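Colleague: Give me the fold of what follows.
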Amino acid sequence: MGQTSAAPSLVAVAAKKQLDSSFRRRGITIALASGLFYGFYTAFMTLGMSKGIWLEWYGSQSNLSAFAVMYLLSALGAATTDTCSALWAVSFAVLRGRFGDFTRCIRTKPGMVMVAAAIIGGPLASTAYVIGLQLAGSIVVPIAALCPAFGAIIGHFLFKQKLTARIMLGIAICFAASFLIGSTGLGANVPDNLFLGLFFGLAAAVFWGIEGCICGYGTSMIDPEIGITIRQVTAGFSNLFILVPLFGIIAQVDSFAMVTQSFTDGGSIIYFAIAGLCAYLTFMYWYKGNGMCGAALGMSCNGTFSFWGPFCCWIVLGIVFGIEGWSMPPIAWAAAILMVIGIFIIAMNPLDLFKKSNQETA
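Modeller: Here you go, the predicted model:
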């Protein structure tokens, strides 16, 4: 009798293990896709800023000042991409009948926390990221990928999160990788403003690290899909209506006219729309993957954008569209992969993967 009742139980346990394993593998695939889409977001945003009206703004015949070219155009590129991403997010919320949830949640305390985080990650981090890309190219992407390392350090001071020996090792690996990337500027044939670009990439990493710490609170109390919508809408609109006009005033340029031209320029807006969709998908898949395979492993998989960013820029910009300057030296590729390893170690103990694999096959 006992043996008869035990058999179905063993079958059920085995079936549950197989289902959990399949669910986790799907989560890993989705989280890896978030890193890939981040690479395409970077590539298509940069492509949009090299087409149509942007060619005139960056051209030698432009009447824009050096300040406007470096800061105003970078803020406008980030604002155009983030606003397109916000429109995608709102559209999906409307189609799924969740727009009411968005308007209710944004007025709550966790919603306002998400708004504050989005302001840091939108106008500040995104603009710094774009400035870095314009100055130094795709080599900035692995530097910006230091955000999990900065997030761990900031979380230690803000929320008293413990920095274990493993996390410290991961942080050390990430910073060693960043120094390897910076060393590429010691040779010849490098961008004139390489180190300035790397500085802005580093600033983006710090701001995104702060955003990640703050969003950890907000997303623990808000549905990820609604949280992402709040994040994208806030980032897009704050960039569009705060930072761009501010830089326009400083540069003494009609920023409203430039915003209108950016959104109505047929030669570039399609690429910004694609970049905005990729930006929405990278956040969506990041949160969804975290929920399926765990936040630690999901963060590691998303951190692969330190490799996918330069790779997608190389494919889309360098190979498909034939734009020069988007290749990376071998040492930078090696450093990008090394940084992925460092992010992985920060997020989780690699030995846990083997433990779970053994449990699944047991």
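
Colleague: what's near enough to touch the most centrally placed residue in the chain?
Modeller: For the chain, Tyr38 is the residue whose C-alpha lies nearest the centre (C-alpha atoms, centre = their mean; 5.6 Å). When the contact criterion is C-beta atoms under 8 Å, 6 or more residues apart in numbering, the partners of Tyr38 are 278-279, 282, 302, 305, 308-309. Placement of C-beta: from N, CA and C, glycine included.

Colleague: Select from those residues the one having the most neighbours.
Modeller: Among those, the one with the most neighbours (other C-beta atoms under 10 Å) is Phe305, at 31 neighbours.

Colleague: Which helix or strand in this structure has the lowest average pLDDT?
Modeller: In the chain, no helix or strand scores lower on mean pLDDT, DSSP states H and E than helix 351-361, which sits at a mean of 58.

Colleague: low-scoring stretches of the chain, by residue?
Modeller: Residue ranges of the chain with pLDDT under 70: 1-8, 10-24, 159, 161, 182, 184-191, 215-220, 290-291, 293-300, 352-362.

Colleague: Pull the residues that contact stretch 160-177.
Modeller: By C-beta under 8 Å, 6+ apart, the residues outside stretch 160-177 that reach it are 142, 145-146, 148-149, 152-153, 155-156, 335-336, 338-339, 341-347, 349.

Colleague: From Asn302, how far out is the residue nearest to the centre of the chain?
Modeller: 7 Å (C-beta to C-beta, to the nearest Å).

Colleague: so what secondary structure elements neighbour the helix or strand hosting Val94?
Modeller: Assigned by DSSP states H and E, Val94 falls within helix 73-95. The contact analysis (3 or more C-beta pairs under 8 Å, 6 or more residues apart in numbering; DSSP states H and E) places helix 73-95 against helix 2-48, helix 53-58, helix 99-105, helix 127-136, helix 224-238, helix 244-251, helix 255-264, helix 269-293.

Colleague: Of all those, which one is nearest Phe67?
Modeller: helix 244-251 (5.3 Å; C-beta to C-beta).

Colleague: What residues sit buried inside the helix holding Val94?
Modeller: 73-90, 92-93 (16 or more other C-beta atoms under 10 Å).

Colleague: cool, stretch 228-237 as well?
Modeller: 228-237.

Colleague: could those residues go into JSON lines alongside distance to Ile181?
Modeller: Shown next, in JSON lines, are those (distance: C-beta to C-beta, whole Å):
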{"residue": "Ile228", "distance to Ile181": "29"}
{"residue": "Thr229", "distance to Ile181": "34"}
{"residue": "Ile230", "distance to Ile181": "33"}
{"residue": "Arg231", "distance to Ile181": "28"}
{"residue": "Gln232", "distance to Ile181": "29"}
{"residue": "Val233", "distance to Ile181": "33"}
{"residue": "Thr234", "distance to Ile181": "31"}
{"residue": "Ala235", "distance to Ile181": "26"}
{"residue": "Gly236", "distance to Ile181": "29"}
{"residue": "Phe237", "distance to Ile181": "33"}
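
Colleague: What is the nearest of these to Ser268?
Modeller: Gly236 (16.8 Å).

Colleague: The closest one contacts Thr83, correct?
Modeller: Yes: with contact defined as C-beta atoms under 8 Å, Gly236 reaches Thr83; the gap is 3.8 Å.

Colleague: helix or strand for the residue lying closest to Gly342 once chain neighbours are set aside, which one?
Modeller: Nearest residue to Gly342 in three dimensions, chain neighbours excluded: Ile173, at 3.3 Å (C-beta to C-beta, 6 or more residues apart in numbering). Using DSSP H and E, Ile173 maps to helix 165-183.

Colleague: what's the angle between the helix or strand just after that helix and helix 73-95?
Modeller: Using DSSP H and E, the helix or strand that follows helix 165-183 towards the C-terminus is helix 194-219. Orientation of helix 194-219 against helix 73-95 (axes from the mean of the first three to the mean of the last three C-alpha atoms, to 10 degrees) gives an angle of 30 degrees.

Colleague: residues of stretch 108-119 that come out buried?
Modeller: Result for stretch 108-119 [16+ other C-beta under 10 Å]: buried residues 110-111, 113-119.

Colleague: correction: stretch 144-154
Modeller: For stretch 144-154, the buried set under the neighbour-count rule, 16+ other C-beta under 10 Å, comprises 144-154.
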